[in-house]
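**Q** Got a predicted structure here, sequence first:
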Amino acid sequence: MVTLLPFDRFVAIDWSGARGKRYAGIAVAECGVGDAAPRLVEPPGGWWSRTAVFDWLRAGLADGAALVGIDCAFSLPFAVAGRTLPAGAGVFDLWNEIEKICADEPDFGGAPFAEHPIHGVGFWRGGPQPDWYDDPHRATEIACRADGLGSPQSPYKLIGAKQVGKGGLAGMRVLRALRAAAPDAVAVWPFDAVKPGQTALTEIYPRLFLKQAGFGQRKIRDGVELDAALARLTSRPLGLSGAVSDHAADALASAAGLRWLAAQPDVWTPPALDERARRLEGWIFGVGMSQSDGYGVL
């Protein structure tokens, strides 16, 4: 029997890998235990930077254990990434290499890794699709598609509005820094075993929660639709009126979705989460669960 991990807060972060100082594409939402509606966290100065998110997360460690979901890939497909790493290297070796190459890039930016003459050779960075590019995916992305929960992009595809690679590289730098700053208080799942009292950092895919809330491929456009999604995720309504941005809607729905998923013990042990995923490639929180594990209850 799996014991439920106790968390005091549930935090969801809609992420961005853009170059710059502050980004409209970052939104942070949180909720507590129970069924109270999630709320948006106001960014310092009106806009979030990745450094500001790091500082906020680090400061929040003093407020009790949180389940934090970040909308970015926590690793790369190792069929490609492993070619340029030493034999036997794991995800933390990848993060160290990313940090070494990107250390001078401000605000945890990850673009220099994708532009690197050795490590960057697997990234499709511009122009028509190259003949050598085979769109590599991690097992969790494949499982997400198989579950009908959405179609995550490959982190190696840096083309188009849905590209996620640079956001993932930036996120890995933030994860590495948080883990180094507070090793006893932070666990990055599934690479670390999460202990009671620790803040758990998990990879999320907001479309998964919107699918479970009955929105399919549709976006949430306004406060009425957001409240309908929250209700399906066992949350009370937020009561916003008028239009709601994609980033705010994703963060708010994901915060409620994290709280809903955390109540299901088997979410931490999906059948397909194998040793390769735990050591190398990571896992999207909530992917790979059977209908009996909770997806059929909505």
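**A** Cool, got the structure. If you're wondering where the values come from, they're calculated on a predicted model, not measured in any experiment.

**Q** going forward, measure contacts and count neighbours with C-alpha atoms only.
**A** Noted.

**Q** okay but Pro44 is in contact with Val53, surely?
**A** No: judged on C-alpha atoms under 8 Å, Pro44 makes no contact with Val53 at a distance of 9.5 Å.

**Q** who's more crowded, these two?
**A** The residue with the greater number of neighbours, taking Pro44 and Val53 and applying other C-alpha atoms under 10 Å, is Val53; the counts read 19 against 11.

**Q** would you say that one is within a helix?
**A** Yes: assessed by DSSP: H, G, I helix; E, B strand; the rest coil, Val53 belongs to a helix.

**Q** Leu61 versus that one, what's the distance?
**A** 13 Å (C-alpha to C-alpha, to the nearest Å).

**Q** Please enumerate the helices of the stretch 151-298 of the chain.
**A** Secondary structure of the stretch 151-298 of the chain (DSSP state H, counting those that start in this stretch): helices located at 165-181, 206-212, 223-232, 246-262, 275-276.

**Q** Pick the most deeply packed of those helices.
**A** Ranked by mean neighbour count under mean count of other C-alpha atoms under 10 Å, the helices of the stretch 151-298 of the chain are led by helix 246-262, which reaches a mean of 26.

**Q** Output that one as PDB - backbone C-alpha positions only.
**A** What follows is helix 246-262, C-alpha atoms only, in PDB (Å, rounded to 0.1, in the frame of the first residue of the first chain):
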ATOM      1  CA  ASP A 246      -3.900  30.900 -21.800                       C
ATOM      2  CA  HIS A 247      -1.000  31.100 -19.400                       C
ATOM      3  CA  ALA A 248      -3.200  32.000 -16.400                       C
ATOM      4  CA  ALA A 249      -5.800  29.400 -17.200                       C
ATOM      5  CA  ASP A 250      -3.100  26.700 -17.600                       C
ATOM      6  CA  ALA A 251      -1.500  27.600 -14.300                       C
ATOM      7  CA  LEU A 252      -4.800  27.800 -12.400                       C
ATOM      8  CA  ALA A 253      -6.200  24.500 -13.800                       C
ATOM      9  CA  SER A 254      -2.900  22.800 -13.200                       C
ATOM     10  CA  ALA A 255      -2.700  23.900  -9.500                       C
ATOM     11  CA  ALA A 256      -6.100  22.400  -8.900                       C
ATOM     12  CA  GLY A 257      -5.200  19.300 -11.000                       C
ATOM     13  CA  LEU A 258      -2.000  18.700  -9.000                       C
ATOM     14  CA  ARG A 259      -4.100  18.700  -5.700                       C
ATOM     15  CA  TRP A 260      -6.600  16.300  -7.300                       C
ATOM     16  CA  LEU A 261      -3.800  14.000  -8.500                       C
ATOM     17  CA  ALA A 262      -1.900  14.100  -5.200                       C
END
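
**Q** Thank you kindly, that will do.
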